[in-house]
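prediction below, plus the sequence it came from.
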Amino acid sequence: MNSALKEFNKQKSAYIFIAPSFIIFTVFLIIPVFASLYWSLTEYNILQPPKFVGFQNYINILFHDPRFWKAMANTVIFVAGTVPTSIAISLLLAIAIDQNIRFKNWFKTFFFIPSITSIIAISVIWKWLYASGKYGLFNHLLTSIGLPSVNWLGVTWTLPSIILMSVWGGLGYNMILFLAGLQGIPHVFYEAAEVDGASEWDKFRNVTLPLLRPTMLFVTIMSVISAFQVFEQVYIMTYNSEGAVGGTLDCALTIVAYLYETGFQRFSMGYASALAYLIFFILFIVTIVNMKIVEKKVEY
Amino acid sequence: MHGRDIPIAIAKALVFSLMIFTVFCLAGCGKVPEEKKILMWLVGSEKQAQKITELGLDFYKQTGVKVSCEAISWGEAHSKYLTSVVGEVTPDIGTMGLTWGTEFGNLGAMVDLNREFPDDLSELTSSIFPGLAGSIRYNDSIFAVPFDMSEYIMFYRCDIIKEPPRTWKALTSLLSELNSSGRSMIIDWGGMGWIGYSPFLWQNGGDYYDKDMTSATLDSDKALEAMKFFTSLYKSYEVPVENRPVEQSFKIGEYPIFISGNWKMKSLSDIAPELKGKWAIATLPAGPTGKKTGFIGGRVMGIFSLSKHKKEAWEFIKYLSRPDIQIKLYEDTLESHDTYLPPNIKTWNLLPMEDSFKRPLLDQAMDSKGPPSVLGWDDSTRFIDTAIQLVVLKNKDAGAALKDADNELERRIRR
C-alpha cells in the first residue's frame, strides 16, 4: 500500500497529464458504452426512467422487425458495392501513379481532393447532379447522347447512386494508402522476377499483390467498417420535408440511418441501443473473418 | 522548484483564481436587483430571431421585461426541446412545430394556456384561422398558440393556363391537355406522402380519425375514393413521383402548374424574377363535396412549465400576436429569405400585400386544416406515406393499403 502510494507520488505529473484525456475518454466513451449496453436491455424513451425488459429488444429486432432486415440488406448491398470496387480502382490508380509519370503529384492531389471535402458537401452537390427528369447534369449528358434519363434518386436507383458517389469520394484515401504500400516493396523482387522472365502481369500477381497484403488487410477492414456505418450520404440524399430518412419505401435505409431514426427521431433509446450492439457484433465478426482470410496468406 | 511540481503549481493557481471568480460573481448577483428576463427559442432563422429580440426592446420599454430570442435549426429542434425538458433547462417560450405543443404539453412540460389564461386565450384564438385552431386544441387543453402559418396553394403560369382548375374534373382535364404536349403538374410540398394526400381526403369529405379522435377512419369509402384519385394523378396523369426542381421546371414550362406551400411565392420571385406577371396563385380545385380544403401548418409558441416568468412570457406571446407586430414581422421577411404569414385573421385586413395574392391566400386559409391533434400522430404518418407509395409504385390495391395504414393508426391512438 505504502509503496503504491510512493510509486504514485513518483509519477504524479505523468498521471496529471494523462488525467484530462483519460477523464474525457471515460466520461464520453467508456461510460456511454456500458450505459447503452444496459439500455439495450430496457425500454427507455429519455423521459421516463428505463424499464428492464431483458432481451426483448433483441428478439423484436431479429424476429419481428422487417425494417431492420431491409436496412441490413441495403447495408450489405452498399458494402458489397463500394468496398471491392473502391479497392480495385484505387489500387489501379496507385499503380498508375507509382510509375514514373509526369505531373505525379498533381494527380495525387487531384484524386485526394474528395477525401478532404466534407461528405455532406459532396452529397449536396451530387444530389444536384442526380436531379431527375432533364434537370440534373447526369441526365443532361445521358439525354444529349440519346439515352433515356434515369430517375437517380427514385426507388430503384437511390442505393446504386449513393454507392457510385461513395466510391468516387473514397478513392483518394485508399489510393494514398496503396501508394505507401507500393513504395514499401523493395525493388530487388521486381528485378529478380524480371531476370526470371516474368511479364508485367506476373509481377503484379506474384510480387505486388502478395507483398501488398498488409496494406490490403488494413484497407479492407477499414473500408468495410466505414461502409457498414454509412450515414451522411444517405441522410442528405434521402431526407424529406418531414425529416424522415431512408427514401421512398425505405429504398436506401441503411442500418445506421435506421439507428438514427429509432434513437433520435422516435427516442426509443432501448431499441436503438440494442441495434447499436447488433451492429457492433456484426462488425466484430466480419472483421475477424476478414483477418482470418487475409492473414492466412500473408507470407514473406 | 522541481520540474515535476510545475503542473501542480498551475493547478493550484487555477483553483485559486476560480475561487476568487466565484466569490466575485456571488457578490455581484447579490447587489443588483433581479431583472425579469425571458428567453425564447425560435425554430427558424437567425435573422428572424434577431428581429424578435429587436421587437423585445420595444416590449422592454413598455413592461420592463427583457426578451432575448435564440434561433435553433429545424433539424435538431425536436431533440433539443426534448432534452431540455429532461434536463430541466427549458427556455421560457418555445416556438416549435405545430404538433409539438400537444406532445410536450402531455408530458407536463408546458403550461396549459386554456387553464392559466382562459379569457385572454379565447380572445386570441377567436381570430386564428379555424384550421390552425383545430390543430392546437387537445381535449380541453391548449398548450401553444400559432406564431405563423404556412398553407397549401396552387401556382400556375397564366400565360400557359388560362383558367386555373376549380374542380377535380377540371384538374384532370387540364392535366390530359398538358400531357398531350409532354407537360404535367408537380405536387411539391409533401407529395407522395400524407401531406399531399390530406387535401384530397378532406375535399372528399373524409378524415383520418372520427370526430372524437378515438378511432381511425382511413378504411372509409371516402378515404378510398380520395386515395384512388390522388394516386391516379401520379399513375395516369404523369405527375412526377420524384422531386423535380420546381422553380426551373415552372420556368421552362414543363410543369406550368404546381401545388406547394406559400413560401414558393418568395423563391419564385428570387429564382425566376423574369417570370414576374406570368404566374399567379389560386385556391385548390374543389372535390366532390364542393370543399377546396387545403393543408395548413406553421409554428406555434407556448410557455414551458419551468419558466419563472409565466405571466410575462404570456404577455410577450400576446404582444407577438398583435396585428401591428405581425405586420412588422411580415415586412421584415420580405427583405430576408424567410417567409412569414400571420396566423391572425385580423392582421390580414391590414396586410400590405398585392390583392391578387392576398385574396387566394386568405380564401384558402379559411378553408384549410392542420394535422389531427392526436397523440401518436407523428408516429403514424409514415404508414400513410408507405400506403401511398405502395399504391403508386408497386400497384398495391388502394383499399388494402389503406386498411393496413388504418390498422397502424388505430394501434397508435390508444398508446
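Everything's here; your move.

chain A: strands as residue ranges?
A:42-43, A:51-52 (DSSP state E).

CSV for these, including distance to chain B, mean neighbour count and mean pLDDT?
Bear in mind the C-beta positions are built from the backbone N, C-alpha and C, glycine included. Formatted as CSV, the strands of chain A follow (distance: least, C-beta to the nearest C-beta, whole Å; neighbours: other C-beta atoms under 10 Å in any protein chain shown; pLDDT from 0 to 100):
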stretch, distance to chain B, mean neighbour count, mean pLDDT
strand A:42-43, 13, 18, 93
strand A:51-52, 15, 11, 93
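
which of those sits closest to residue B:137?
strand A:42-43 (30.4 Å; C-beta to C-beta).

mind listing residues that contact the closest one?
With C-beta atoms under 8 Å, 6 or more residues apart in numbering or on different chains as the test, strand A:42-43 has contacts from A:50-53, A:56-57, A:268, A:270-271.

which of these sits closest to residue A:291?
residue A:57 (29.4 Å).

report how many residues lie close to that closest one.
Residues lying near residue A:57 (other C-beta atoms under 10 Å in any protein chain shown) number 25.

residue A:175 - how many residues pack around it?
26.

distance from the chain centre to stretch B:99-108, please.
15 Å (C-alpha atoms, centre = their mean, to the nearest Å).

I meant to write stretch B:93-112 there.
With C-alpha atoms, centre = their mean, you get 14 Å for stretch B:93-112.

mind listing what's buried along that stretch?
Neighbour-count burial for stretch B:93-112, counted by 16 or more other C-beta atoms under 10 Å in any protein chain shown, picks out B:93-105, B:109-112.

distance of residue B:211 from chain A?
26 Å (C-beta to the nearest C-beta, to the nearest Å).

so what pLDDT did that residue get?
Residue B:211 is assigned 88 on the pLDDT scale.

can you list phi and psi of it for me?
phi -60, psi -40 (degrees, to the nearest 10).

which helix or strand contains the residue of the stretch 251-400 of chain B found nearest chain A?
Shortest the stretch 251-400 of chain B-to-chain A distance, computed as C-beta to the nearest C-beta: residue-wise this is residue B:389, at 5.1 Å. Using DSSP states H and E, the element containing residue B:389 is helix B:377-394.

can you give me the mean pLDDT across that helix?
pLDDT averaged over helix B:377-394 gives 92.

likewise for stretch B:70-81?
89.

re earlier: quick check: the farthest pair among the contacts of strand A:42-43?
Longest span within those, C-beta to C-beta: A:52 and A:268, 15.2 Å.

distance of residue B:45 from residue B:264?
17 Å (C-beta to C-beta, to the nearest Å).

more crowded one of the two?
Neighbour totals were compared for residue B:45 and residue B:264, and residue B:264 leads with 21 against 15 (other C-beta under 10 Å).

quick one: the helices in the stretch 251-400 of chain B?
If DSSP state H, counting those that start in this stretch is used as the criterion, the helices of the stretch 251-400 of chain B fall at B:264-271, B:310-320, B:323-335, B:345-350, B:355-366, B:377-394, B:398-413.

give me phi/psi at residue 135?
You didn't say which chain, so I picked chain A. Dihedral angles for residue A:135 - degrees, to the nearest 10 - are phi -100, psi -30.

look at chain B instead
phi -80, psi -20.

picking up where we left off before, neighbours of the residue of the stretch 251-400 of chain B closest to chain A, how many?
23.

mind listing what the closest residue to residue A:212 other than its chain neighbours touches?
Leaving aside its chain neighbours, residue A:212 sits nearest to residue A:181 (5.0 Å; criterion: C-beta to C-beta, 6 or more residues apart in numbering or on different chains). By C-beta under 8 Å, 6+ apart, the contact set of residue A:181 is A:94, A:212, A:214-216.

could you dump stretch B:176-184 to CSV, C-alpha only?
C-alpha atoms of stretch B:176-184 as CSV (Å, rounded to 0.1, in the frame of the first residue of the first chain):
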residue,chain,number,x,y,z
SER,B,176,-54.8,15.5,-70.0
GLU,B,177,-54.4,18.5,-72.1
LEU,B,178,-50.9,19.2,-70.7
ASN,B,179,-50.0,15.6,-71.0
SER,B,180,-50.6,15.7,-74.8
SER,B,181,-47.7,18.1,-75.1
GLY,B,182,-45.5,16.3,-72.6
ARG,B,183,-46.3,18.5,-69.6
SER,B,184,-47.8,18.0,-66.3
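
neighbouring contacts of it?
B:175, B:185, B:237-240, B:253-257.

quick check: pLDDT value at residue B:2.
Confidence score, pLDDT, at residue B:2: 48.

ok, now the one 5 residues further on?
Model confidence at residue B:7, expressed as pLDDT, equals 54.

give me the element the residue lying closest to residue B:240 once chain neighbours are set aside is part of.
Of all residues not flanking residue B:240 in the chain, residue B:186 sits nearest, at 6.3 Å (C-beta to C-beta, 6+ apart). Assessed by DSSP H and E, residue B:186 sits inside strand B:185-187.

so where's the stretch 151-300 of chain A shaky on pLDDT?
A:295-300 (pLDDT under 70).

so which bits of chain B are right by chain A?
Contact residues (C-beta under 8 Å from any C-beta of the partner chain) of chain B with chain A: B:3-4, B:6-8, B:11, B:74-75, B:78-79, B:82-83, B:85-86, B:107, B:189-190, B:192-193, B:195, B:240-245, B:248-249, B:254, B:379, B:381-382, B:385-386, B:389-390, B:393-394.

which of the residues you listed fall in helices?
B:6-8, B:11, B:74-75, B:78-79, B:82-83, B:85-86, B:195, B:248-249, B:379, B:381-382, B:385-386, B:389-390, B:393-394 (DSSP state H).

narrow those residues to those that are buried.
B:7, B:78, B:82, B:85, B:195, B:248-249, B:381-382, B:385-386, B:389-390, B:393.

how near is residue B:71 to residue A:265?
In terms of C-beta to C-beta, residue B:71 sits 21 Å off from residue A:265.

swap that for residue B:252, sorry
From residue B:252 to residue A:265 the distance is 37 Å (C-beta to C-beta).

these two: which has the busier surroundings?
residue A:265 (17 against 11).

about what we covered before: got a markdown table for the contacts of strand A:42-43, with distance to residue A:7 too?
Shown next, in a markdown table, are the contacts of strand A:42-43 (distance: C-beta to C-beta, whole Å):
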| residue | distance to residue A:7 |
| --- | --- |
| A:50 | 40 |
| A:51 | 45 |
| A:52 | 42 |
| A:53 | 46 |
| A:56 | 47 |
| A:57 | 45 |
| A:268 | 47 |
| A:270 | 43 |
| A:271 | 46 |
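
closest to residue B:208 among the residues you listed?
residue A:268 (23.3 Å).

residues contacting the closest residue to that closest one other than its chain neighbours?
Spatial nearest neighbour of residue A:268, chain neighbours left out: residue A:262 (5.1 Å); criterion: C-beta to C-beta, 6+ apart. Residue A:262 makes contact with A:268, A:271-272, A:275, according to C-beta under 8 Å, 6+ apart.
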